[in-house]
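**Student:** Compute the structure for the input listed below.
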Amino acid sequence: MARKYVDCRSFPSEMNCSIAISADSEKELVEAAVQHAVAVHGHTDTPELRQEVQKSIKEGSPPN
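**Tutor:** Sure, this is the predicted structure:
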């Protein structure tokens, strides 16, 4: 099973967030990324946000 990640640098942001979140499962990764988006970026946890996060998942490790 390959590690998966979401990199905040992939999204436009006024704060230029450089957080990358990784996990072994997509479910765990989506939960963590949505929590970050809500707590740090002020998004609302919606099905659309979860879908956007799901689409941005990449395999491997985030680039430096």
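
**Student:** Under the pLDDT cut-off, which ranges of the chain? List them.
**Tutor:** For the chain, the stretches with pLDDT under 70 are 1.

**Student:** how would you label the closest residue to residue 56 other than its chain neighbours: helix, strand or coil?
**Tutor:** Excluding the flanking residues, the one nearest residue 56 by Cβ to Cβ, 6 or more residues apart in numbering is residue 6, at 5.4 Å. For glycine as for every other residue, the C-beta is placed from the backbone atoms N, C-alpha and C. Following DSSP: H, G, I helix; E, B strand; the rest coil, we place residue 6 in the strand state.

**Student:** other SSEs contacting the longest helix seen in the chain?
**Tutor:** In the chain, assigned by DSSP state H, the helix with the most residues is helix 26-41. If contacts are counted by 3 or more Cβ pairs under 8 Å, 6 or more residues apart in numbering; DSSP states H and E, helix 26-41 sits against strand 4-7, strand 20-23, helix 47-55.

**Student:** who wins for proximity to residue 36 among the ones you listed?
**Tutor:** Comparison of the helices and strands packed on helix 26-41 against residue 36 by Cβ to Cβ identifies strand 20-23 as nearest, at 6.3 Å.

**Student:** What about residue 5, how many residues nearby?
**Tutor:** 18 (other Cβ atoms under 10 Å).

**Student:** cool, residue 41 as well?
**Tutor:** Count around residue 41 with other Cβ under 10 Å applied: 15.
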